[in-house]
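In: Below: sequence and its predicted model.
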Amino acid sequence: MDKNRFWYYKTLAQKVIRSLKKNNIDCIFCETSDEAKKRILSMIPEGLSVGLAGSVTIKKLGLLDELSRGDWKLYNQYLPNLSREESEKIRKEGTLADFFLSGTNAITLNGELVNINAMGNKTAGLAYAKKVIIVAGVNKIVKDVKKGIERTRNIVAPMNAKRLDFNTPCKETGFCDYDRCRPPEYDRMCNQLLIIEGEREKGRVTVVLVGEELGF
């Protein structure tokens, strides 16, 4: 990322951080991925359990490898050779872990978090887990909730459909075809929409905002 783009994003990030804190959501800014990874690992005491939402950002940071090697109980639905039933069981158990680790589809300038989920474990964990750590690159910042939903349906969902080989119209066209994307013809990805506008409990949710473009 060039310097001008970095400073542009950093200015937006400062506004997002202030907005999140007004909404009772903690936020930490890390300039690099490596700094973010070290900070997140330091936030999770060894010996505790960690659940996961599906996130390209988490994988790119190397957090899965670190958590797998360390002294944590990781509910990892990405282990090889798992059946669908086993994977779903791990996802459900992960929402009840001591910490729930997730990315986010979008963060608004007003400090709202926008997420759309296929299976429900991500939205469930974000809404109700004991402690939530959300990691996001500055490319996830959008103007408002409307732009956040548009970003999720027309950028995130098509790219995830290709990555995970979901049978959806957006996988082929690159944009959302809301009216056509229905089972049984299509394996719909956008099933639950969660907008977090604020938190009742101080310290339950922490956003780690990274000064890099991460995930999609």
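Out: Received, thanks.

In: Please enumerate the strands of this protein.
Out: 26-30, 49-52, 73-75, 99-102, 106-108, 113-117, 132-137, 141-142, 192-196, 205-210 (DSSP state E).

In: Distance to Pro183 and mean neighbour count for these - can I get that in TSV?
Out: The C-beta positions use only the backbone N, C-alpha and C, and glycine is treated the same way. Below are the strands of the chain laid out as TSV (distance: least, CB to CB, whole Å; neighbours: other CB atoms under 10 Å):
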stretch	distance to Pro183	mean neighbour count
strand 26-30	37	18
strand 49-52	25	24
strand 73-75	27	20
strand 99-102	25	26
strand 106-108	25	26
strand 113-117	16	24
strand 132-137	29	25
strand 141-142	29	21
strand 192-196	15	16
strand 205-210	32	24
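
In: How about the most centrally placed residue in the chain, nearest residue that isn't a chain neighbour?
Out: Per CA atoms, centre = their mean, the C-alpha nearest to the average position across the chain is that of Gly103, at 1.6 Å. Nearest-residue entry for Gly103: Ser55, 3.5 Å, with adjacent residues in sequence omitted and distances by CB to CB, 6 or more residues apart in numbering.

In: pretty sure that neighbour is touching Gly215, no?
Out: Yes: counting by CB atoms under 8 Å, a contact exists between Ser55 and Gly215, whose distance comes to 6.8 Å.

In: Next, show the common contact partners of the two.
Out: Taking CB atoms under 8 Å, 6 or more residues apart in numbering as the contact criterion, the residues that touch both Ser55 and Gly215 are Gly103.

In: on that earlier part again, nearest to Leu12, out of the strands of the chain?
Out: Each of these has some distance to Leu12 by CB to CB; the shortest is strand 141-142, at 5.0 Å.

In: Show me what the closest one is packed against.
Out: When contacts are defined as 3 or more CB pairs under 8 Å, 6 or more residues apart in numbering; DSSP states H and E, strand 141-142 packs onto helix 3-22, strand 106-108.

In: Most tightly packed of the ones you listed?
Out: Stretch with highest mean neighbour count among the helices and strands packed on strand 141-142: strand 106-108 (a mean of 26; mean count of other CB atoms under 10 Å).
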